[in-house]
Every structure is written in structure tokens, then in C-alpha cells.
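Engineer: Starting from these lines, generate the structure:
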Amino acid sequence: MNLNYMHWVNKLPEVGDPILNERDRVASLLAEAEELEKRAASLRAVVKAGRANLIRRISERWSLGDIERASAASIKEPASLLANVRDEYLRAALIGLDGGGSAVELLHVFKQCGFDNQARLLTASSTDEVRSLLFRLLDWWNFGVFPLLVRFDQ
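Structural biologist: Numbering: from 1, shown residues only. You can find the predicted model right below:
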């Protein structure tokens, strides 16, 4: 159980067992959710290894040129929204997730693309620079986070 979860409840005047027990029940659910997230991370590691093995098997049968052409063709298809991502670095990072990125992986993309540095946005020297950063941020949301939310809502 997460001992930091709503720990302030203990400091309420004359708090009784019913409230403390309910808080503890909710904290237990949070602990269970955190365990499931750890299990999901473990499964993602298995998926990552399986993807690497699959790519190895594919590369034994097809040339790098064949693979690159297939990848480029799939991105240009109407079903692939990634062609609309304006920033090449962000597009490459999202393509690297290959349609299976987790929330944590999307947060890593966020950091890799420099969005975690507020100073960068606040010290942008021109309106065009600010606009460019905002477009990249919106593309990250629209083509990374939003599709993940849609996957989870299904």
C-alpha cells in the first residue's frame, strides 16, 4: 500500500475508523493498479524483444531497401496520420513506436523532442520559433497521445 496516499487524512481532527478504512481501501486499489502497471511494463519489454526478433527475421528475408520502401509507403497511406507530423525528428520518434507506444514511451518522446524544457519556449527569440515549438507540441499530442487515448478507450 502507498503510505503517502492521502496521508493528510490522519491529521484531520477526530477522524474515525470508517474514513481511515475507506482511505486504506482506496490506497490498496492504487497499489493494485501500480502492480498492474509494473506487469504491463514487463509485458512491454517482452513485446519489445519480440519486435526485435521479428525485425531480425524480416531483415533476413528482405533487403533494407525493401523494408524502407514498405515503411515509407505505409506512412504515406491515408490511414497513417504520421505523414502529417511536420517535425522530422518528432515524426521519426513516433514512427519508432510503430503503433504500439505506451504512455511512458510517449513521455520519453516528449522529453527527447525537448518539450520538457520550459525555458526553451519562454526564451524563444521570435514568434516563428514559438509557433514552431507549439506546432511540434500539438503534433505530439494529436499524433502520439490522442491515438493512445483512442486505443485505450476501445
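Engineer: quick one: which helix or strand includes the nearest residue to Met6 once chain neighbours are set aside?
Structural biologist: Counting by C-beta to C-beta, 6 or more residues apart in numbering, Arg23 is the residue found nearest to Met6 once chain neighbours are left out, at 5.3 Å. For every residue, glycine as well, the C-beta is placed using N, CA and C. Per DSSP states H and E: Arg23 is located in helix 17-61.
Engineer: pLDDT averaged over that helix - what is it?
Structural biologist: Computed over helix 17-61, the mean pLDDT rounds to 92.
Engineer: Likewise for stretch 137-148?
Structural biologist: Regarding stretch 137-148, the rounded mean pLDDT is 88.
Engineer: For it, measure first residue to last.
Structural biologist: Criterion C-alpha to C-alpha, to the nearest Å; first-to-last residue distance in stretch 137-148 is 16 Å.
Engineer: Buried residues in that stretch, which are they?
Structural biologist: Using 16 or more other C-beta atoms under 10 Å as the test for burial, stretch 137-148 gives Leu137, Asp139, Trp140, Phe143, Gly144, Val145, Pro147, Leu148.
Engineer: The first one touches Phe115, doesn't it?
Structural biologist: I take that to be Leu137. Yes - Leu137 is in contact with Phe115 according to C-beta atoms under 8 Å; the separation is 5.8 Å.
Engineer: circling back: from the chain's centre, how far out does the helix holding Arg23 sit?
Structural biologist: In terms of C-alpha atoms, centre = their mean, to the nearest Å, the centre of helix 17-61 is found 14 Å from the chain centre.
Engineer: Stretch 64-83 now?
Structural biologist: How far stretch 64-83 lies from its chain's middle: 21 Å, per C-alpha atoms, centre = their mean.
Engineer: Show me the domain layout of the protein.
Structural biologist: 1-61, 81-154 (automatic domain parsing).
Engineer: looking at those, which is closest to Ala72?
Structural biologist: Checking these against Ala72 by C-beta to C-beta gives domain 81-154 as the closest, at 9.6 Å.
Engineer: May I have the distance across the closest one, first residue to last?
Structural biologist: Terminal residues of domain 81-154 lie 19 Å apart, using C-alpha to C-alpha.
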